[in-house]
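> make a model of this:
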Amino acid sequence: GHIVEFARDQHGSRFIQQKLESAAVEEKNIVFAEILPHAGKLMIDVFGNYVIQKFFEFGTDAQKEHLSDCLHGHVVEFAVQMYGCRVIQKALESVPLDAKIRIISELRPHVMRCVKDQNGNHVIQKCIECVPSAELDFIITTFRNQVFALSSHPYGCRVIQRILE
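This is a model prediction of the structure:
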């Protein structure tokens with residue numbers, strides 16, 4: 001019953017991360033059942049975010065889906081948060097296309113805010129990297145008539161570079 005507490009501790013978090021890489025499904029399920037009700041808090045926690053990332057990497061499909069659901073309604077808030085942005089990036093690498101599309105649909109109205117944010121720009125770059133370009137029209141559209149301004153912006157220029165790759 002102390003998993004959430006461990007996940008928020010430097011050494012506890014490391015311990016859980018290491019165990020998850022080789023854990024059997026039953027063990028993952030036990031840990032997951034405890035962290036799921038607190039997933040939102042752990043996603044933006046200095047050590048907890050790593051445990052969530054490990055579940056996106058090594059969790060079952062069902063676990064990834066549950067964590068994706070936890071992102072719902074919080075994508076932009078987490079995208080501009082120091083630890084949350086890492087969780088969203090890991091999710092974009094790990095979840096099936098329909099879940100990716102759900103994540104990016106929340107970013108749609110906030111592309112510029114994210115691009116110009118020190119954390120959010122990494123999330124937009126990850127979208128460009130992990131999501132089929134057919135789903136990314138909204139990013140390109142947002143950039144219309146903004147390319148010059150963005151290319152001289154410290155974070156915007158990175159996103160422009162990523163598109164050009």
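
> and the helix or strand of the chain with the lowest mean pLDDT, which residues are buried?
In the chain, the helix or strand scored least confidently by mean pLDDT, DSSP states H and E is helix 147-151, which has a mean of 82. Of the residues in helix 147-151, residue 150 count as buried by neighbour count, 16 or more other CB atoms under 10 Å. Where you see a C-beta, it was placed from the backbone N, CA and C, and this is true even at glycine.

> just checking, what packs against that helix?
helix 156-164 (3 or more CB pairs under 8 Å, 6 or more residues apart in numbering; DSSP states H and E).

> from residue 88, how far off is residue 81?
Distance of residue 81 to residue 88, given as CB to CB, to the nearest Å: 9 Å.

> neighbour count for those two, which is higher?
Just comparing residue 81 and residue 88: by other CB atoms under 10 Å the higher neighbour count belongs to residue 88, 30 against 19.

> contact partners for the more buried one?
Listed by CB atoms under 8 Å, 6 or more residues apart in numbering, the contact set of residue 88 reads 71, 75, 78-79, 103, 123, 126.

> what comes into contact with stretch 4-23?
3, 27-28, 31, 34-35, 38, 42, 45, 47-48, 50-51, 54-55, 58-59.
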